[in-house]
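*Asks:* A structural model of the following input is requested.
(one chain, ligands or ions: 2)
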Amino acid sequence: MGPPALLPPFYTPPFHSLVRQSPPRHHHHRPACRDPPIRSPAMASAPPLLKDELDIVIPTIRNLDFLEMWRPFFQPYHLIIIQDGDPSKSIRVPEGFDYELYNRNDINRMLGPKASCISFKDSACRCFGYMVSKKKYVYTIDDDCFVAKDPSGKDINALEQHIKNLLSPSTPFFFNTLYDPYRDGADFVRGYPFSLREGVPTVVSHGLWLNIPDYDAPTQLVKPLERNTRYVDAILTIPKGTLFPMCGMNLAFDRELIGPAMYFGLMGDGQPIGRYDDMWAGWCTKVITDHLGLGVKTGLPYIWHSKASNPFVNLKKEYNGIFWQEELIPFFQSVSLPKDATTVQKCYLELAKQVRAKLGKVDSYFNKLADSMVTWIEAWDELNPPKGGVATANGPPKK
Ligand SMILES: O=c1ccn([C@@H]2O[C@H](COP(=O)(O)OP(=O)(O)O[C@H]3O[C@@H](CO)[C@H](O)[C@H]3O)[C@@H](O)[C@H]2O)c(=O)[nH]1
Ligand SMILES: [Mn+2]
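*Replies:* Ligands and ions are numbered 1, 2, ... in the order given. As a prediction, the model looks like this:
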């Protein structure tokens, strides 16, 4: 039984190619002891990774004072702020950040009737930021997430770790027991097929959270005081064929390779479900990355999540999701995409068809969701015409 069809068949490579041609890695001098790595002057002034190729997308209903703590890591990057709720409210952004801010009026102006696919009064609105970004990479973070410390007490530059995760391959087709083989100090273990060691492009980097973990409302209700204090120094590729609960609090992705799949669905105001925005996007994304032979990683980096939202309010928002997901998961596990679905958009439109056909009977909401999935792709392609095309929306907001 050979490797999945997406990969070259097993072959006995000539000896010289057995030495893994791993992609160039950021070589750091790491002293044996646990002192912080010695930073040469050159390294100290190393320019921020992907400075002009990555946008930071923040959904918010409050002033963004949390950015002060992130300033050392975020200031060089462009921010895309999606202001949810009342557009007449003004959001304070600390001085010195380069940003663009979109409120509901901007979304309606830019998308016209297609704005109906962007949620209102739910963090799902953040996906509008993915659509208007022009960069190759996106990092999205909630405004109640702060800089965490690693076991040595050092501030964690979550953005830098996400970028490293995205710039090194994933291994979805065969599990490496020593975790991420591309990290310094790790490698593929004995028995790992050499024909699979190049890995595949990583398109999603899913970070975790210290302090308040991303628990659902029932768990939050029964364990109100539980805090996550466990720092696990690991990054794992989520194997092909395995779904996972994607949280949007601390998430980075390759917008060019998987962006159109990152639709956070119809949630919040006027919808029978909330707080399943990131979950929905994660399930759609994973079946598409599996189909296209792309990789998803989870683990480092950690952020410090500071606020437990109200579990009773959350229970009301999540109730249908907790019930429906027992049907949604078998649906996503059974999804098969046709060979000619060779782009994310084609995969996503095929997925929308199957959502309507198979989930419409679970609840009529899924017919609405299937329609909005199509609207999302239409809006995405309008704002992101193929290279050389002209975007047709009404352009960014007057600041
Ligand atoms: O109506 C809203 C509510 C909030 N936001 C912004 O979205 C993020 C997350 O808000 P919050 O921290 O209150 O959310 P949590 O209860 O911690 O849940 C998180 O888990 C995921 C559930 O889908 C999701 O990542 C979070 O909701 C903040 O930046 C708020 O300002 C909003 O835009 N609209
Ligand atoms: Mn939160």
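
*Asks:* Can you tell me the strand partners of the strand or helix carrying residue 297 and which way each runs?
*Replies:* Secondary structure from DSSP states H and E places residue 297 in strand 295-305. Its sheet considered, strand 295-305 pairs with strand 145-146 (antiparallel), strand 202-211 (parallel), strand 235-237 (antiparallel) by DSSP bridges.

*Asks:* what comes up buried for the helix or strand that comes right after it?
*Replies:* Using DSSP H and E, the helix or strand that follows strand 295-305 towards the C-terminus is helix 311-334. Buried residues in helix 311-334, defined by neighbour count with 16 or more other Cβ atoms under 10 Å: 311, 314, 315, 317, 318, 320, 321, 324, 325, 328, 331, 332. Any C-beta I mention is one placed from the backbone N, CA and C, and that applies to glycine too.

*Asks:* Go through those and say which is closest to ligand 2.
*Replies:* residue 314 (10.3 Å; Cβ to the ion).

*Asks:* List the contacts of the closest one.
*Replies:* Residues in contact with residue 314, defined by Cβ atoms under 8 Å, 6 or more residues apart in numbering, are 216, 217, 220, 275.

*Asks:* Then residue 265?
*Replies:* 119, 124, 276, 277, 280, 281, 369, 372.

*Asks:* a helix runs through residue 152, doesn't it?
*Replies:* No. Looking at residue 152 with DSSP: H, G, I helix; E, B strand; the rest coil, it is coil, so not inside a helix.

*Asks:* From ligand 2, how far out is it?
*Replies:* Note on residue 152: its distance to ligand 2, by Cβ to the ion, to the nearest Å, is 26 Å.

*Asks:* Kindly report the residues of this structure close to ligand 1.
*Replies:* 59-62, 84, 121-123, 125, 142-144, 214, 247-249, 268, 275, 277-278, 307, 309 (Cβ under 6 Å from any ligand atom).

*Asks:* among the buried residues of helix 311-334, which two are most distant?
*Replies:* Greatest spatial distance among the buried residues of helix 311-334 (Cβ to Cβ): 311 and 331, at 27.5 Å.

*Asks:* Can I get the strand holding residue 297 in PDB, CA atoms only?
*Replies:* Provided in PDB are the C-alpha atoms of strand 295-305 (Å, rounded to 0.1, in the frame of the first residue of the first chain):
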ATOM      1  CA  GLY A 295      -0.500  21.100   6.200                       C
ATOM      2  CA  VAL A 296      -2.000  22.300   9.500                       C
ATOM      3  CA  LYS A 297       0.100  22.600  12.700                       C
ATOM      4  CA  THR A 298      -1.000  23.100  16.300                       C
ATOM      5  CA  GLY A 299       0.900  23.800  19.500                       C
ATOM      6  CA  LEU A 300       3.400  26.600  20.200                       C
ATOM      7  CA  PRO A 301       3.000  29.500  20.500                       C
ATOM      8  CA  TYR A 302       1.100  30.200  23.600                       C
ATOM      9  CA  ILE A 303      -0.700  33.500  24.400                       C
ATOM     10  CA  TRP A 304      -2.100  34.500  27.800                       C
ATOM     11  CA  HIS A 305      -5.900  34.500  27.500                       C
END
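
*Asks:* For this structure, which element, helix or strand, carries the lowest mean pLDDT?
*Replies:* helix 41-44 (a mean of 48; mean pLDDT, DSSP states H and E).

*Asks:* residue contacts, the closest residue to ligand 2 within the chain?
*Replies:* Nearest to ligand 2 in the chain, going by Cβ to the ion, is residue 144, at a distance of 4.1 Å. For residue 144, the contacting residues are 66, 305, 306, 307, by Cβ under 8 Å, 6+ apart.

*Asks:* Pick the one among the residues you listed closest to ligand 1.
*Replies:* Ligand 1 has its nearest neighbour among these in residue 307, at 5.5 Å by Cβ to the nearest ligand atom.

*Asks:* ok, the closest residue in space to the closest one that isn't next to it in sequence to residue 83 distance?
*Replies:* The shortest distance from residue 307 to any non-neighbouring residue, by Cβ to Cβ, 6 or more residues apart in numbering, is to residue 144 (4.1 Å). Per Cβ to Cβ, to the nearest Å, residue 144 is found 16 Å from residue 83.

*Asks:* again with residue 289
*Replies:* Applying Cβ to Cβ to residue 289 and residue 83 gives a distance of 30 Å.

*Asks:* neighbour-wise, which of those two wins?
*Replies:* The neighbour count for residue 289 versus residue 83, taken as other Cβ atoms under 10 Å, is higher for residue 289 (27 against 23).

*Asks:* C-alpha coordinates for the helix or strand that one falls within, PDB please?
*Replies:* Counting by DSSP H and E, the element that carries residue 289 is helix 277-292. The C-alpha trace of helix 277-292 is given here as PDB (Å, rounded to 0.1, in the frame of the first residue of the first chain):
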ATOM      1  CA  ASP A 277     -17.300  30.600  13.700                       C
ATOM      2  CA  ASP A 278     -13.700  29.400  14.100                       C
ATOM      3  CA  MET A 279     -14.800  25.800  14.400                       C
ATOM      4  CA  TRP A 280     -16.700  25.900  11.100                       C
ATOM      5  CA  ALA A 281     -13.800  27.500   9.400                       C
ATOM      6  CA  GLY A 282     -11.400  24.900  10.800                       C
ATOM      7  CA  TRP A 283     -13.500  22.000   9.600                       C
ATOM      8  CA  CYS A 284     -13.900  23.400   6.100                       C
ATOM      9  CA  THR A 285     -10.200  24.300   6.000                       C
ATOM     10  CA  LYS A 286      -9.000  20.900   7.100                       C
ATOM     11  CA  VAL A 287     -11.000  18.900   4.500                       C
ATOM     12  CA  ILE A 288      -9.600  21.300   1.900                       C
ATOM     13  CA  THR A 289      -6.000  21.100   3.100                       C
ATOM     14  CA  ASP A 290      -6.300  17.300   3.200                       C
ATOM     15  CA  HIS A 291      -7.600  17.300  -0.400                       C
ATOM     16  CA  LEU A 292      -4.900  19.700  -1.700                       C
END
